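Colleague: pasting the structure only:
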């Protein structure tokens, strides 16, 4: 873990070879979270929970009502995944990450309850990134669409809650040498922003601001007197 | 007149669903290898390497390359000299999807209604597009469409005054907004012209072309090239984590339109550009 800071100095995607992996163990200790920086390539070992849209809705509801959760979130890592069915003789089918942004509205509450890591793909909202800084958490990106390769790094799987949700049930997965990239660190560093601005070239047109204001709906721009700048 | 039992359609669709989900077409693999060589970002190259390794593992092990095995979009071109017997063609297609997704251990990702959201349990119904064509054959293409890229697709009714530049900006903006969520590197299907639904259909159909095969018209091919260059200057890169390769190809299809219209639809396809076809 002590190589984390040194690696981070190379910056996103900078110079390191594919051998440069930082080992990460779950449940995540605070110092491990603190040592990780966006752009670092990691190998995750240990138990994580698989949960996606419907499971998040239920966990959020329980937290709102102040009730006990079916899983222990302290130091936990949630992997946003809904695996395909396991063919005979296999633990799981394909098991790659799904888009994280769909659970953003539930995530700050989970972070408050002790969640320390997330594995998924795609942007996180400002609210999630702020809560990650406040409570200390890290977001790992795994390669979307690499579900067979990633499933080879899952050594055990069992449904632990909401079996009726099928592919959306909460599972406990044991990861072994699971490849991922630190996409957002606990200091607000976001590889989606840094990486894009590093490789952006002139002539692509106006940059799109993910967290910028939504384009006004019909009439809204006119009513508020703002120009509709969205071509 | 040639008779064809729809049971053969069911059989074919079941096989195509499994083939499309497990075998990445050779043209896509080739484009990904080229991308791996061209990519400047080390993280981007690592990601492309994982994507290629994943595709070969899926093919060897006969398992779906991605857990999102999509909603099955099925294109059926029916020769007008074929007499289909043995039942409803549309039901036969759906029976094929049901069999393919159950036998192939593919994920069932379809909910019965958009509000109640109960899973139908067998990935039906499919989205079926029929077309009558000359001849006595039936050509079937299965295109499993995952939600990551589908969710980031867009359509807009531009005005004729927006012109070519308006279309280019809309396409580039769509890819930019999609960022990592559509699982780049992408194939970008663009449909321009017709009516609202025609533009959307053209955009989806454009994705069936072999990756990087340009439009036969030199003028359209130039627009595809311009779009690809602009998109690859965005910096989005593999999985949106920064890099030079945001799209593998742009495929543009156009159609005559109304004097007052300039519809443009952009259908994004993730790097798992899956489709398989057969002729009966």
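Modeller: Okay, I see it. Treat the numbers as computed from the prediction; the structure is a model and nothing was measured.
Colleague: what's the local residue count around the closest residue to residue A:113 other than its chain neighbours?
Modeller: In space, and not counting its chain neighbours, residue A:113 is closest to residue A:73: 4.7 Å by CB to CB, 6 or more residues apart in numbering or on different chains. In this view, the C-beta of every residue, glycine as well, is placed from N, C-alpha and C. Residue A:73 has 19 neighbours, counted by other CB atoms under 10 Å in any protein chain shown.
Colleague: pretty sure residue A:73 contacts residue A:109?
Modeller: No - shown here, residue A:73 and residue A:109 do not form a contact pair, counting by CB atoms under 8 Å, at 10.0 Å.
Colleague: got the confidence number for the closest residue to residue A:107 other than its chain neighbours?
Modeller: Computed as CB to CB, 6+ apart, the closest residue to residue A:107 that is not its neighbour in sequence is residue A:128, at 4.8 Å. Here, the pLDDT recorded for residue A:128 equals 98.
Colleague: just checking, what packs against whatever helix or strand residue A:128 lives in?
Modeller: For residue A:128, the host element (DSSP states H and E) is helix A:126-135. Packing contacts for helix A:126-135, counted by 3 or more CB pairs under 8 Å, 6 or more residues apart in numbering or on different chains; DSSP states H and E, involve helix A:107-112, strand A:138-141.
Colleague: in the longest one, what counts as buried?
Modeller: Neighbour counts over helix A:107-112 (16 or more other CB atoms under 10 Å in any protein chain shown) mark A:107-111 as buried.
Colleague: the following helix or strand past it and chain B, are they touching?
Modeller: Following helix A:107-112 in sequence order, the next helix or strand is strand A:117-120 (DSSP H and E). No - using CB under 8 Å from any CB of the partner chain, strand A:117-120 stays clear of chain B, coming no nearer than 9.8 Å.
Colleague: hang on, the earlier thing: so the residue nearest to residue A:107 makes contact with residue A:104?
Modeller: Yes - contact criterion CB under 8 Å: residue A:128 and residue A:104 qualify, at 5.1 Å.
Colleague: ok, stretch A:37-47 near chain B or not?
Modeller: Yes - using CB under 8 Å from any CB, stretch A:37-47 comes into contact with chain B via A:39, A:41.
Colleague: ok, stretch A:82-97 next?
Modeller: Yes - residues of stretch A:82-97 contacting chain B under CB under 8 Å from any CB: A:82-87, A:90, A:93-96.
Colleague: check contacts around the residue nearest to residue A:113.
Modeller: Neighbour list for residue A:73: A:110, A:113-115 [criterion: CB atoms under 8 Å, 6 or more residues apart in numbering or on different chains].
Colleague: switch the cut-off to 6 Å
Modeller: By CB atoms under 6 Å, 6 or more residues apart in numbering or on different chains, the contact list for residue A:73 reads A:113-115.
Colleague: between these, which is nearest residue A:178?
Modeller: residue A:115 (17.6 Å; CB to CB).
Colleague: what about that closest one, neighbour count?
Modeller: Residue A:115 has 24 nearby residues by other CB under 10 Å.
Colleague: nearest spatial neighbour of it, skipping sequence neighbours?
Modeller: Going by CB to CB, 6+ apart, residue A:115 has residue A:73 as its nearest residue, at 4.9 Å.
Colleague: could you measure that neighbour against residue A:114, distance?
Modeller: 4 Å (CB to CB, to the nearest Å).
Colleague: how about the residue in the stretch 151-280 of chain B positioned nearest to chain A: what's its closest non-neighbour residue?
Modeller: Residue nearest to chain A within the stretch 151-280 of chain B: residue B:242 (2.0 Å; CB to the nearest CB). Of all residues not flanking residue B:242 in the chain, residue A:195 sits nearest, at 2.0 Å (CB to CB, 6+ apart).
Colleague: look up the pLDDT of that neighbour for me, please.
Modeller: pLDDT, read off for residue A:195, is 95.
Colleague: and it, that's in a helix?
Modeller: Yes - looking at residue A:195 with DSSP: H, G, I helix; E, B strand; the rest coil, it is inside a helix.
Colleague: quick one: it from residue A:83, how far?
Modeller: Residue A:195 sits 28 Å away from residue A:83, going by CB to CB.
Colleague: next one: residue B:111
Modeller: 18 Å.
Colleague: more neighbours: these two, which one.
Modeller: residue A:83 (24 against 12).
Colleague: that one reaches residue B:69, doesn't it?
Modeller: No - the pair residue A:83 / residue B:69 is not scored as a contact, 10.9 Å apart, by CB atoms under 6 Å.
Colleague: can you list the buried residues in the host helix or strand of residue A:57?
Modeller: Residue A:57 belongs to helix A:53-64 when assigned by DSSP H and E. Going by neighbour count (16+ other CB under 10 Å), the buried part of helix A:53-64 is A:53-56, A:58-60, A:63.
Colleague: try stretch B:249-258
Modeller: The neighbour-count check on stretch B:249-258 (16+ other CB under 10 Å) flags B:249-254, B:257 as buried.
Colleague: do stretch A:37-56 as well
Modeller: Using 16+ other CB under 10 Å as the test for burial, stretch A:37-56 gives A:37-45, A:48-56.
Colleague: spell out which parts of chain A neighbour chain B.
Modeller: Counting by CB under 6 Å from any CB of the partner chain, the positions of chain A adjacent to chain B are A:13, A:18, A:83-85, A:87, A:93-96, A:99, A:121-122, A:143-149, A:167, A:191-192, A:195-196, A:198-201, A:203-205, A:208, A:231.
Colleague: can you show me the strands along chain B?
Modeller: Using DSSP state E, the strands of chain B run over residues B:2-5, B:71-79, B:82-85, B:127-133, B:138-145, B:154-158, B:186-194, B:247-257, B:262-269, B:276-279.
Colleague: residue B:212: which of these is closest?
Modeller: The nearest among the strands of chain B, by CB to CB, is strand B:247-257 at 4.4 Å.
Colleague: tell me what that closest one is packed against?
Modeller: strand B:186-194, helix B:196-206, helix B:218-231 (3 or more CB pairs under 6 Å, 6 or more residues apart in numbering or on different chains; DSSP states H and E).
Colleague: identify the residues contacting it?
Modeller: The contact list for strand B:247-257 (CB under 6 Å, 6+ apart) reads B:31, B:185-194, B:198, B:202, B:206, B:209, B:211-212, B:215, B:220, B:223-224, B:227-228, B:231.
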